[in-house]
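A.B. asks: quick one, structure for this:
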Amino acid sequence: MHKRAPKSDLLTSPARAYSGRRLGLIQGLLIVWMLVIGARLASLQLHDYAALRARADRQQRAAIDLSPTRGVIYDRNGNELARSVEVKSLYAAPAEVLSADATADQLARILHVDRDDLYRRLTSDKVMAALKRKLTAEEAAEVEALALPGLRLVDEMKRFYVGDRTAAHVLGFVDVDEQGKGGVELSYDRVVRGRGGRLVLNLDAAKRSYDHEFQESVPGANVTLTIDIVVQRSVEKTLAEAVRATGSRAGTAVLIRPATGEILALANFPSFNPNHVSESSDSERHNYAVETAFEPGSILKLVTYAAAIEEGIISPNTRIDCGSGEIRVGARVLRDGHAGMLTARQALAKSSNVAAIKLGQWLGNQRLERYIGGFGFGRRTGIELPAESRGLLRPAREWDDNSMGSIPIGHEISVTAVQAASAFACIANGGEWIQPHLVSRVASPSGEVIEEPKLEKRRVVQEATAAVLKDMLEGVILHGTGKLAQVSGYRAAGKTGTAQKIDEETGRYSKTRYVASFAGFAPVDNPEIACLISLDEPRGAHQGGKAAAPVFARIVSDALHILGVPAEDDPQAELIAGDYETYDVPWDEAIRPEPDSTRRNIAVGLADASDAETASKPRGSVLVPDLVGRGIRDAVALCSERGLKIKASGDGVVSSQSPPPGTIVTAEAICHVRLSRMNENREKPDSRSSRSAGGVARGATTRTN
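C.D. replies: Numbers count the residues shown, from 1 in each chain. Below you'll find the model as predicted:
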C-alpha cells in the first residue's frame, strides 16, 4: 500500500522556478525604483539645491537693487565737487494696487511721465515695478500725500554736483543707475562707484509683502583732483564771455602748473549741467579740450624754433633771409608779407612763416618729426579723461614735397588743447615735459590712499635752450603779434596761432573759417601757469593775436591773483578805475561742503559777531566778515558762505574793505576789497591764502629795463 505524497510535493519543478523568477523580478524592480528615487533625492539635495532654493526665494521674496553711494570728488583744496545724496524712488506692487486707472491718472500729473506707460507698469505681473527713479523732493512729498495702496517710496542715492556747470567736462556725469558716463566719473568708475545695497521683501502666496530687510551698500573711494574750483570758475566765466563776444562756435581753455603737470583748470564752452544731463546736447557734453584735435597754426612754431636752437642751427640773433616774404615749397608758393633779413627773435615775434619753413628745411624731416613727437604731439598724454584724441602726426616717411611748407607752421598736423598747453609747460619747466594730470590721489572712505599718479617725465630740450626760447617768446608779447596777451603785473611769454579750417565740402582750406589760439605762460622767470586758449571760428577779427590773446591775458591774470602769486611790479601803478574782478561762487548753502579747515577759517572770520548781534539781524540780511589780512581765496570763501559777492583789485592780501567788518547788509551785496603786498608779512588766519597752486608761491624777480 503506497503513501500519498504531500501537497507541496505535487508542485513540479518548473512551477517552482517560475514563481522564484517572478519574485526576483519584483524585488529587482523595487530595488531599481528605490535607487532612482534615491538618486533623484540626492540630485535635488546636492546638485539642484541652489537652483531650487533660488526659485523658492523668487517665489517668496522680491529684491530691489539700490544705487550705490559713490565716493566724493574733491578739488585740490578739499572742496566737494560731487557727492551722493539720498533721494526717493517710487515703486509699485501691482498685486496691492486697488485701481490702476485712477493711480496712473494721479501719478502722471505729479511725475510728468506718460500715463499709459504708468498703467502698463501698474498692471504688470511683476512683484515690484519701478514707476520713477530718483524723484525730486516736491514729487516725493506729493506722492506720499496721496497715500495710495500698493505704492512704496524707497531711499536710494543720487549723484549731486555741487557747482552745477562748474568743471562739468572734468567731472563728467552718471546715468540713473549711478554708472559713470563721462569725465572722471567714467575714468574712475571702477573705484568710485562702490557696491549698491538691496531692499529684500518677504512675500505671501498672493505676492503681497509682509516684511523686508536691507542689505547695506559699500561706499566707493574718494578722488581728489588737481583743479582749483575758484580758478576753474573764473576761467569758465571769462571763456564764456569771450566766446559770446567773438561770436565763436566754441572755446577751450587749459591751465597747467608747469613744475608738476597738474591741471588747475580745464574748461569748454558751451557746457552743460551734469545735474540735469538729459537737458543737454551731445555737442554741449563734448570735451573739446581732449577729444577734439585742431590744426594749431603758428603756436607749433614753438617746436620748430626749439628744435633749431637745441640743434645749434640758430641763436636769437641769427639772421634769416626772408627774401620778398615768399617761399616756394614743392608745387606751392607761400607768402606772408615779412620780407628782408630778420633775426630769429624778430621772425618769431612777427610770426614769419617763411622763416619757420626755412628752419624746418634746415632741420630736415626726421629731426623735425622727432622734436614734434618729443613735445607730446601725435600721442595721447594719458590725462585721466575718456576718449582722448592722439591728434594727427604722420611719420616723416609719409611726408610729401609740400609737407615742409605746412608742418613747421602748424598745418598738416592736428593737436589737442591739452597737448599744446603741455608743450608750452615743457618750455616753462626748463625743457622737461611732465605728463598732464587731473587726479592727485584716490583714497578709501577711511582715508587710506589707494592710488597716486605715476607720471611720465622726459627731457625734450636742455635748460639753456628753454631759457633762450622763454626770452624769445616774451618778445612775441612785448614787440610782436601777442601784444594783447600782456598780463598786468606779470611778465608773460607765448605765441599766437591762426589756422584755417578744412572745408568739409571741398576738402580745401576755408578762407572764412579759422581757429584762433594763444598759448603761453607766466611769470616768465618762475612760471606758475601755462595756458592754452582756443576759439573755434571767431567772427570778425579771427587772428590769434586779436581774438585769443586778450582772453589769455585776463584768464592768466585772474588765476595768478587767485593763487596768491606776488606781482612783479607795483600793483597800484597800473590800477585804473573799474579795474576790479568779481568773484561769485554760487554753491548751495544747504549742501556746501565744510571741511574742518574751512570751518575753522569761517569761525575766525566771524568771531567778532556775537550771538546777540546775530539774533538782532533783520531777516534776509548778513553780517560782513573781517577780510583784512586774508588772501583772495579766504576772502572769497568767507563772502560766499554769507551769500555775499566780492570785488577785488590789486594783488597780495586784503588791505582794506568796504563795507567795514560787522556791517549788516542784505544778501547778495557786494563787498569791495583792495589787495596789497604791504600786509603780506602780517599773520594770516590760514596759510593757504599765500600759497600757489602746488605749494608756497615762488618769489618772482622784478624786471629792470
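
A.B. asks: okay, how far is it across stretch 326-338, tip to tip?
C.D. replies: 8 Å (CA to CA, to the nearest Å).

A.B. asks: contacts for it, please.
C.D. replies: 322, 325, 347, 350-355, 357-358, 400-402, 404-405 (CB atoms under 8 Å, 6 or more residues apart in numbering). C-beta coordinates here come from the backbone N, C-alpha and C atoms, glycine included.

A.B. asks: what's the farthest-apart pair in these?
C.D. replies: The largest separation in these, counting by CB to CB, is between Lys350 and Asp400 at 27.9 Å.

A.B. asks: the more surrounded of these two?
C.D. replies: When Lys350 and Asp400 are compared on other CB atoms under 10 Å, the one with more neighbours turns out to be Lys350, at 19 against 11.

A.B. asks: identify the residues contacting the more buried one.
C.D. replies: By CB under 8 Å, 6+ apart, the residues touching Lys350 are His338, Leu342, Gly480, Thr481.

A.B. asks: identify the farthest-apart pair in those residues.
C.D. replies: Comparing all pairs in the contacts of Lys350 by CB to CB, the longest separation belongs to Leu342 and Thr481, at 13.5 Å.

A.B. asks: tell me which of the two has more neighbours.
C.D. replies: Higher neighbour count among Leu342 and Thr481: Thr481, with 24 against 20, using other CB under 10 Å.

A.B. asks: the most centrally placed residue in the chain and Ala344, how far apart?
C.D. replies: By CA atoms, centre = their mean, the mean C-alpha position of the chain lies nearest to Val170, the distance being 0.8 Å. Val170 sits 38 Å away from Ala344, going by CB to CB, to the nearest Å.

A.B. asks: work out the gap between the longest helix anywhere in the chain and the centre of the chain.
C.D. replies: The longest helix of the chain (DSSP state H) is helix 13-42. Distance of helix 13-42 from the chain centroid (CA atoms, centre = their mean, to the nearest Å) equals 77 Å.

A.B. asks: circling back to that earlier point, so which strand or helix has the residue nearest to the centre of the chain?
C.D. replies: Secondary structure assigned from DSSP states H and E places Val170 in helix 168-171.

A.B. asks: what's the offset of that helix from the middle of its chain?
C.D. replies: A distance of 3 Å separates the centroid of the chain from that of helix 168-171, by CA atoms, centre = their mean.

A.B. asks: helix or strand right after it?
C.D. replies: Toward the C-terminus, helix 168-171 is succeeded by helix 183-187 as the next helix or strand (DSSP H and E).

A.B. asks: got the contact list for Arg120?
C.D. replies: Neighbouring residues of Arg120 by CB under 8 Å, 6+ apart: there are none.

A.B. asks: isn't there a helix covering it?
C.D. replies: Yes. Under DSSP: H, G, I helix; E, B strand; the rest coil, Arg120 sits within a helix.

A.B. asks: can you read off the pLDDT for it?
C.D. replies: Looking at Arg120, its pLDDT is 94.

A.B. asks: and if you look at Ser692?
C.D. replies: pLDDT, read off for Ser692, is 37.

A.B. asks: quick check: nearest residue in space to Gly220, chain neighbours excluded?
C.D. replies: Leaving out its chain neighbours, the residue that sits closest to Gly220 by CB to CB, 6 or more residues apart in numbering is Gly194, at 3.3 Å.

A.B. asks: break this structure down into its domains, please.
C.D. replies: 63-225, 252-437+457-562, 581-696 (automatic domain parsing).

A.B. asks: to Ala245, which of those domains lies closest?
C.D. replies: Closest of the domains of the chain to Ala245 is domain 252-437+457-562, at 9.1 Å (criterion: CB to CB).

A.B. asks: ends of the closest one, how far apart?
C.D. replies: 20 Å.

A.B. asks: next one: that domain to chain centre, how far?
C.D. replies: Offset of domain 252-437+457-562 from its chain centre (CA atoms, centre = their mean): 23 Å.

A.B. asks: what pLDDT, on average, does that domain get?
C.D. replies: Mean predicted lDDT for domain 252-437+457-562 stands at 95.

A.B. asks: dig out what Arg458 forms beta bridges with.
C.D. replies: Trp433 (DSSP bridges).

A.B. asks: pretty sure the residue nearest to Gly220 is touching Tyr188, no?
C.D. replies: No. Between Gly194 and Tyr188 there is no contact under CB atoms under 8 Å: 11.6 Å.

A.B. asks: mind checking pLDDT for the residue nearest to the centre of the chain?
C.D. replies: 98.

A.B. asks: which residue ranges of the stretch 151-300 of the chain form helices?
C.D. replies: Along the stretch 151-300 of the chain, the segments classed as helices by DSSP state H, counting those that start in this stretch run 168-171, 183-187, 189-192, 229-246, 282-285, 288-291.

A.B. asks: on contacts alone, who are the packing partners of the helix holding Val170?
C.D. replies: The contact analysis (3 or more CB pairs under 8 Å, 6 or more residues apart in numbering; DSSP states H and E) places helix 168-171 against helix 183-187, strand 262-269.

A.B. asks: 6 Å - rerun?
C.D. replies: Helix 168-171 is packed against helix 183-187, with contacts defined by 3 or more CB pairs under 6 Å, 6 or more residues apart in numbering; DSSP states H and E.

A.B. asks: could I have stretch 527-541 exported to PDB, CA atoms only?
C.D. replies: The C-alpha atoms that make up stretch 527-541 are tabulated as PDB, following Å, rounded to 0.1, in the frame of the first residue of the first chain:
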ATOM      1  CA  PRO A 527      56.200 130.200 -14.300                       C
ATOM      2  CA  GLU A 528      53.300 129.200 -12.200                       C
ATOM      3  CA  ILE A 529      50.800 128.800 -15.100                       C
ATOM      4  CA  ALA A 530      50.900 127.500 -18.600                       C
ATOM      5  CA  CYS A 531      47.800 128.300 -20.600                       C
ATOM      6  CA  LEU A 532      46.200 127.500 -23.900                       C
ATOM      7  CA  ILE A 533      43.200 129.400 -25.300                       C
ATOM      8  CA  SER A 534      41.500 128.200 -28.400                       C
ATOM      9  CA  LEU A 535      38.400 129.900 -30.100                       C
ATOM     10  CA  ASP A 536      36.700 128.000 -32.900                       C
ATOM     11  CA  GLU A 537      35.500 130.100 -35.800                       C
ATOM     12  CA  PRO A 538      35.500 133.600 -34.300                       C
ATOM     13  CA  ARG A 539      33.700 136.200 -36.300                       C
ATOM     14  CA  GLY A 540      35.300 139.500 -37.300                       C
ATOM     15  CA  ALA A 541      38.900 139.600 -36.000                       C
END
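
A.B. asks: pull out the buried positions in that stretch.
C.D. replies: Pro527, Glu528, Ile529, Ala530, Cys531, Leu532, Ile533, Ser534, Leu535, Asp536, Glu537, Pro538 (16 or more other CB atoms under 10 Å).

A.B. asks: now the last one. Nearest residue, chain neighbours left out?
C.D. replies: Distances taken as CB to CB, 6+ apart put Thr246 closest to Pro538, at 3.9 Å, once the chain neighbours are dropped.

A.B. asks: distance of that neighbour relative to Thr496?
C.D. replies: Thr246 is 15 Å from Thr496, by CB to CB.

A.B. asks: quick one: which of these two has more around it?
C.D. replies: Taking other CB under 10 Å, Thr246 and Thr496 do not tie; Thr496 has more neighbours (30 against 23).

A.B. asks: just list what the helix or strand encompassing the more buried one packs against, helices and strands only.
C.D. replies: Thr496 belongs to strand 493-502 when assigned by DSSP H and E. For strand 493-502, the packing partners by 3+ CB pairs under 6 Å, 6+ apart come out as helix 463-479, strand 509-522.

A.B. asks: 8 Å instead?
C.D. replies: With contacts defined as 3+ CB pairs under 8 Å, 6+ apart, strand 493-502 has these neighbours: helix 417-428, helix 463-479, strand 509-522, helix 549-562.

A.B. asks: which neighbours in the sheet does that strand have, and how are they oriented?
C.D. replies: Strand 493-502 has these strand partners (DSSP bridges): strand 509-522 (antiparallel).

A.B. asks: what comes up buried for the partner strand?
C.D. replies: Arg513, Tyr514, Val515, Ala516, Ser517, Phe518, Ala519, Gly520, Phe521, Ala522.
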